[in-house]
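**Q** Here's a sequence, model it:
(2 chains)
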Protein chains: 2
Amino acid sequence: MSTLPAHATIREVGLRDGLQSIRTILPTERKIEWIADAYRAGQREIEVGSFVPARLLPQLADTAELVTYAKTLPGLFVSVLVPNLKGAERAIETNADLMLIPVSASREHSLANLRKLPDEVIAEVARMRAARDAAGSATLIEGGIGTAFGCTIQGDVDQVEVLRCMQALLDAGVDRVSLADTVGYASPSAVRELFDKARDIAGERLWCGHFHDTRGLALANVYAALQTGVTRFDATLAGIGGCPHAPGASGNASSEDLAFMLADMGIETGIDIPALLALRKKIAEWLPNETLHGSLWRAGLPKTAGTRCAVSEIDV
Amino acid sequence: MSTLPAHATIREVGLRDGLQSIRTILPTERKIEWIADAYRAGQREIEVGSFVPARLLPQLADTAELVTYAKTLPGLFVSVLVPNLKGAERAIETNADLMLIPVSASREHSLANLRKLPDEVIAEVARMRAARDAAGSATLIEGGIGTAFGCTIQGDVDQVEVLRCMQALLDAGVDRVSLADTVGYASPSAVRELFDKARDIAGERLWCGHFHDTRGLALANVYAALQTGVTRFDATLAGIGGCPHAPGASGNASSEDLAFMLADMGIETGIDIPALLALRKKIAEWLPNETLHGSLWRAGLPKTAGTRCAVSEIDV
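**A** Here you go, the predicted model:
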């Protein structure tokens, strides 16, 4: 039997990857309530938004305010997405703990999404790093390699190219690298193979797995990545986010189902699942016109998981 | 990296486990169309129904007719569920290829469901075996151990008891044994551990994994079982079946998502996924008032899975 880690972290990315992909614009006070409740439920890493122009993503226009609030919560590690140097400067100013720069390993996806080639984005990373260091900032830089398992535009994405981008990001000075199955093409076998190779390149700087549940495989892919030593996973509460190419499809792995799977395997996450389910219920009320996902909220926790997971009893 | 099998079999149990749990009674001609289409889509093992009294499960009253039809399809391996000796006699008469006897490892679940203790059911197996042999029949006998990972009534189910039931079934003369997560309590860790131990007891007679997706973990659990050498999985098209304790929850792993996962991992199933999705569409029309599940039908197959899976191109 493979050795699994004793602890794992769920990074909540619903406020960024989730909210950016749905129509409803959640008011800032609701987002603050989300962050506060997630924190109370034991979540200690949250990606609160993106520093992108508000005209492009009006849903995330309040990111600076959210970083400022989130930074008041002791021990909360606050991430933001930044697409370029300008965004990075705002992340540094607001004192975010980490800024994630997305890089598409798919050339065509990169051009369609950012109008830049992957290597042009990576060149920008070196400038972000310089700006960060010049400011004497401690904000970590994460290079998130998207479409790492395939692309809806280009189709197959060569592993060699994914790993080349990873090496280039490390050479450009990122502190962390991650792999994302942006469109839900990954299988557990592909995950094990690519994460094993990524580990050889990045070692402890390999930071996070980001799996979309578009075709139902997100949790199987998490389990595959766990077996390669990955201990941090992006997820969105209620699986919000969807996929522009598959109306009604799920976004990321749902945080609550992932928290249950990890707890049921005896992997400590620090998350109080009933509290997370209570927050999910609020979010369902806040987003009445969006398709939500996940299974645990419906079924509730097992009658007694006493011997396997330390969660309070609940009948949801 | 673990070695995964080159081939795996999806046993379609939608006509039994699926239809027995929903309100709609599907007419016999629809069931025959289902079997015919599943066969054309490459499915070669189908559980067509149960030999139980029609007053208990009127949905499955036409099981004998379905076995008779299914047996006309060359190379189709036809299974039925039988709860007792009387059911076994009908399976033998109709010349089913396999009869599955469910045994609950949970004492309380067994009493609530069958009004018998697990060992009383196992004693019945010896009589079924005798009847089978006396008839000179080639119908295989499978002992399916349910609630093997926990029980909604009793809570935890001791692994020792599950394995004791398995040994007792083998001693009583079953040809095959299987493990079922009847209520969706299993985690990938628990699956690996229990299937590894079961393999030690049953060897090649360990036949099938049956995972409900009640809490979203069915495919992760399949992946865990694959790593222990299991190559046969029960599934229901569109995940029909549900769970009496979680209204709206999924039943088994959905056949189409499972077929995609296996294909995407390069594991041959013989299934033509687009043909299976076409059948799913029919079933959705036949069951307009039931909650269907699964993800692939919505998202479609990846743009090009050419290097990984041998499925025709489709944009569903």
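
**Q** Every contact and neighbour count from this point should use C-alpha atoms.
**A** Will do.

**Q** check contacts around the one residue in the stretch 151-300 of chain A that gets nearest to chain B.
**A** Closest to chain B within the stretch 151-300 of chain A is A:Ala220: 3.8 Å, counting by C-alpha to the nearest C-alpha. Contact analysis of A:Ala220 by C-alpha atoms under 8 Å, 6 or more residues apart in numbering or on different chains lists A:Ser187, A:Pro188, B:Leu217, B:Leu219, B:Ala220, B:Asn221, B:Tyr223.

**Q** tell me the phi and psi of the nearest residue to A:Trp286 once chain neighbours are set aside?
**A** Of all residues not flanking A:Trp286 in the chain, A:Leu26 sits nearest, at 7.6 Å (C-alpha to C-alpha, 6 or more residues apart in numbering or on different chains). With angles defined as degrees, to the nearest 10, A:Leu26 sits at phi -80, psi 130.

**Q** sorry, back to before: just say helix, strand or coil for the residue of the stretch 151-300 of chain A closest to chain B.
**A** A:Ala220 carries the three-state label helix when classified by DSSP: H, G, I helix; E, B strand; the rest coil.

**Q** what do you get for A:Ala36?
**A** Note that with three-state DSSP, the state of A:Ala36 is helix.

**Q** cool, and A:Ile10?
**A** What three-state DSSP gives for A:Ile10 is strand.

**Q** Now for it, how many residues are close by?
**A** Neighbour count for A:Ile10, taken as other C-alpha atoms under 10 Å in any protein chain shown: 25.

**Q** dump the residue contacts of it.
**A** A:Gln43, A:Glu45, A:Arg232, A:Phe233, A:Asp234, A:Ala235, A:Ser255, A:Ala259, A:Thr269.

**Q** tell me the pLDDT at it?
**A** A:Ile10 is assigned a pLDDT of 98 by the prediction.

**Q** now do A:Ala249
**A** Listed pLDDT for A:Ala249 reads 74.

**Q** Please name the residues that touch it.
**A** Neighbouring residues of A:Ala249 by C-alpha under 8 Å, 6+ apart: A:Asp213, A:Thr214, A:Arg215, A:Gly242, A:Cys243, B:Ser295, B:Arg298, B:Ala299.

**Q** what number of residues lie near the second one?
**A** For A:Thr214, the tally of surrounding residues (other C-alpha under 10 Å) stands at 30.

**Q** what's the model's confidence in the longest helix along chain A, averaged?
**A** In chain A, taking DSSP state H as the definition, the longest helix is helix A:118-134. Confidence over helix A:118-134 (mean pLDDT, whole number) is 96.

**Q** Neighbours of A:Lys282, how many?
**A** Counted with other C-alpha under 10 Å, the neighbours of A:Lys282 add up to 15.

**Q** Actually, A:Ser137.
**A** A:Ser137, neighbours per other C-alpha under 10 Å, totals 16.

**Q** Is it in contact with A:Ala91, as I believe?
**A** No: applying C-alpha atoms under 8 Å as the test, A:Ser137 and A:Ala91 come out as separate, 9.8 Å apart.

**Q** so A:Glu108 makes contact with A:Asp156?
**A** No: using C-alpha under 8 Å, A:Glu108 makes no contact with A:Asp156, being 11.0 Å away.

**Q** quick one: A:Val80 and chain B, what's the gap?
**A** Remark: distance between A:Val80 and chain B (C-alpha to the nearest C-alpha, to the nearest Å) = 28 Å.

**Q** can you check A:Ala38 too?
**A** In terms of C-alpha to the nearest C-alpha, A:Ala38 sits 21 Å off from chain B.

**Q** residues touching the residue lying closest to that residue once chain neighbours are set aside, list them.
**A** Among residues not flanking A:Ala38 along the chain, A:Leu276 sits closest, at 6.7 Å (C-alpha to C-alpha, 6+ apart). Listed by C-alpha under 8 Å, 6+ apart, the contact partners of A:Leu276 are A:Asp37, A:Ala38, A:Ala41, A:Glu256.
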